[in-house]
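A.B. asks: okay, structure incoming, though there's no sequence with it:
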């Protein structure tokens, strides 16, 4: 994988469901899962996203996306957290997107 | 009740920069603390964090993290989990508790400095959470270590280490004072959150948790990986600062990364390296130190800095070569000067362990095998005395670690080199070329005196091993020793002695 991005999850009961949610939210991405026991690297090329809706489908209707933080010991790439989703992308991706917007305007 | 989404209100409460009417900007954000340098003041208006959190979210999530960490601790307190841990692994944790607890507190001060002098309201807001995080880490580390004081007095150094003049905390104070206490906030954000917390702490807090769990230390694995979830968030103060600095002053950005990268790499070679490759029982090692470094630093961190438009540090080749030598030399030094440590360093060089080391580091036997053979033969000849220190190692004037790095000469031989520098009528000695260069560029900094400097200046009396140990705060009940000599020497009993041990044995006979 050339530009792997994504979360590094600590051990916990919810890891499998979280990986399933990430897979559902990124149907066009190959998701690589590297299990080192106490931590699990979940990564995809260039950009991965996970949404609160999908996480709720796996973890219950009362799951709040803010609690994702307590599972994520680290991550690769640039993260963007909103109240509905978390995105990991290549650091330069945002810069390039801004440059494209600038070119259009 | 429907709450507003965070995106609909956070910018109102967070962006609290207003125009001062009674004082000028310099009075509020003085250059020596705020450090804008060549970056125009207005450039900081665009600083924006990507990992957003609000105060209500912060409090709720932190409460859950704490509840979960303490629940695991409470559950295991009643078990025999601790008593069944390997002495080598326990040493990894003693080193961690002592080496980390009060550094977390120094990080509180660093975060508070950014919370006050950061050049954007969003930055100051994030640093406010950051200082609460670091306060949690100082407390949880001290408290978790304290639990074991009754079982083993070495755990008392969890709280004590940084209040002593042991050479290890002197080295770490030199590193962290430069990283967390003295810099202006722009440099601090690059050194601490960006380089140290996005890069290196992952090794000690995430990678090492893999070995911890394998070794059966669920409590420790849970504590450190919980701590790192805070770091993953507040380390994100580094990125936006880096983006603005790279745009206006890339030379400064590169230099600040380079020097903090090097200092961190040296310290982790001394602490994380031996823990992963020698103290963790062989059957519980997930990967070698080098492999963890490749995963977390070479691949992940370097990828990140290149994405920001920076280059690999200028010392890259020297650093990469050091991955095969630094921590092996430092491990041998830690073991040899074991009475100066608050843990029990295990040599970890039985036949099986050496095979593993040779497989992971193809030059291991050539560079280190013979030296360990001498130790082994001395132990097997009941001559432990010969493996104990009577003198001091030279400590590098930059990183304060023993100058013990073997490098290969053109003729293929491996030697420990000295990089020296004369300045102001004094000759300084360094463990590596990059330590010398960083010291030269930073020569106006106030650096701590190394333990050797203090010794030579007559500050340590009496000038013998007893005097030195006393100066370091070492007491006989804590002083480090190998936990199990037989474990790594019994494979070799009965073989003819070699090297220095041979000459000692002959001397005894005559």
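C.D. replies: Happy to help now that I have it. What you see is a predicted model; the values in this text were computed from it and never measured.
A.B. asks: leaving out sequence neighbours, find the closest residue to residue 52.
C.D. replies: No chain was given, so I picked chain A. Excluding the flanking residues, the one nearest residue A:52 by CB to CB, 6 or more residues apart in numbering or on different chains is residue A:65, at 4.1 Å. Every residue, glycine included, has its C-beta placed from N, CA and C.
A.B. asks: oops, wrong one, chain B.
C.D. replies: residue A:81 (5.2 Å).
A.B. asks: from memory the one you found sits against residue B:50, does it?
C.D. replies: Yes - under the criterion of CB atoms under 8 Å, residue A:81 makes contact with residue B:50 at 7.2 Å.
A.B. asks: show me which of the two is the more surrounded one.
C.D. replies: residue A:81 (21 against 16; other CB atoms under 10 Å in any protein chain shown).
A.B. asks: okay, residue B:316 and chain A: tell me how far apart.
C.D. replies: For residue B:316, the distance to chain A (CB to the nearest CB, to the nearest Å) stands at 20 Å.
A.B. asks: tell me the pLDDT at that residue?
C.D. replies: Confidence at residue B:316, expressed as pLDDT, is 96.
A.B. asks: show me what residue of chain B gets nearest to chain A.
C.D. replies: Going by CB to the nearest CB, chain A is nearest to residue B:307 of chain B, at 3.4 Å.
A.B. asks: and the helices in the stretch 201-350 of chain B, which stretches?
C.D. replies: Taking DSSP state H, counting those that start in this stretch as the test, the helices found in the stretch 201-350 of chain B are B:201-202, B:208-214, B:218-234, B:238-248, B:250-274, B:289-293, B:302-307, B:316-322, B:326-336.
A.B. asks: quick one: the longest one near chain A?
C.D. replies: To tie it back to what came earlier, the one meant is helix B:250-274. No - on the criterion CB under 8 Å from any CB of the partner chain, helix B:250-274 is out of touch with chain A, staying 13.8 Å away.
A.B. asks: all helices for the stretch 401-510 of chain B, in order.
C.D. replies: Along the stretch 401-510 of chain B, counting by DSSP H, counting those that start in this stretch, helices occupy B:433-441, B:451-456, B:465-471, B:485-489, B:499-509.
A.B. asks: chain center to the second one: distance?
C.D. replies: Average the C-alpha atoms of helix B:451-456, do the same for its chain, and the two points are 23 Å apart (CA atoms, centre = their mean, to the nearest Å).
A.B. asks: what about the residue of chain A found nearest chain B, neighbour count?
C.D. replies: Sorted by distance to chain B under CB to the nearest CB, the residues of chain A start with residue A:91, at 3.4 Å. Residue A:91 has 21 neighbours, counted by other CB under 10 Å.
A.B. asks: again with residue B:27
C.D. replies: By other CB under 10 Å, 9 other residues sit near residue B:27.
A.B. asks: now the strands for chain A?
C.D. replies: Ranges of strands in chain A, per DSSP state E, are A:4-10, A:32-35, A:39-45, A:47-51, A:72-76, A:78-81, A:85-89.
A.B. asks: can I get these in CSV with mean pLDDT?
C.D. replies: Output for those, formatted as CSV (pLDDT from 0 to 100):
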stretch, mean pLDDT
strand A:4-10, 96
strand A:32-35, 96
strand A:39-45, 96
strand A:47-51, 98
strand A:72-76, 95
strand A:78-81, 94
strand A:85-89, 97
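A.B. asks: turn those into TSV, columns for distance to residue B:481.
C.D. replies: Shown next, in TSV, are the strands of chain A (distance: least, CB to CB, whole Å):
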stretch	distance to residue B:481
strand A:4-10	34
strand A:32-35	37
strand A:39-45	33
strand A:47-51	49
strand A:72-76	34
strand A:78-81	46
strand A:85-89	47
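A.B. asks: closest to residue B:202 out of those?
C.D. replies: Of all these, strand A:72-76 sits nearest to residue B:202, with 5.1 Å by CB to CB.
A.B. asks: thought residue B:327 was touching residue B:266?
C.D. replies: No - if you go by CB under 8 Å, residue B:327 and residue B:266 don't touch, sitting 10.0 Å apart.
A.B. asks: residue B:116 and residue B:124 touch, don't they?
C.D. replies: Yes - contact criterion CB under 8 Å: residue B:116 and residue B:124 qualify, at 7.1 Å.
A.B. asks: neighbour count: those two, which is higher?
C.D. replies: Using other CB under 10 Å as the criterion, residue B:116 and residue B:124 rank with residue B:124 on top: 20 against 16.
A.B. asks: weakest of the helices of the stretch 401-510 of chain B by average pLDDT?
C.D. replies: For these, where the average pLDDT is lowest is helix B:499-509, sitting at a mean of 55.
A.B. asks: now do the residue of chain B closest to chain A against residue A:31, distance only.
C.D. replies: 21 Å (CB to CB, to the nearest Å).
A.B. asks: ok, now residue B:426?
C.D. replies: For residue B:426, the distance to residue A:31 - CB to CB - is 58 Å.
A.B. asks: neighbour-wise, which of these two wins?
C.D. replies: Using other CB under 10 Å, the more surrounded residue of residue B:426 and residue A:31 is residue A:31, with 17 against 9.
A.B. asks: which residues touch that one?
C.D. replies: A:6, A:19, A:22-23, A:42-44, A:48 (CB atoms under 8 Å, 6 or more residues apart in numbering or on different chains).
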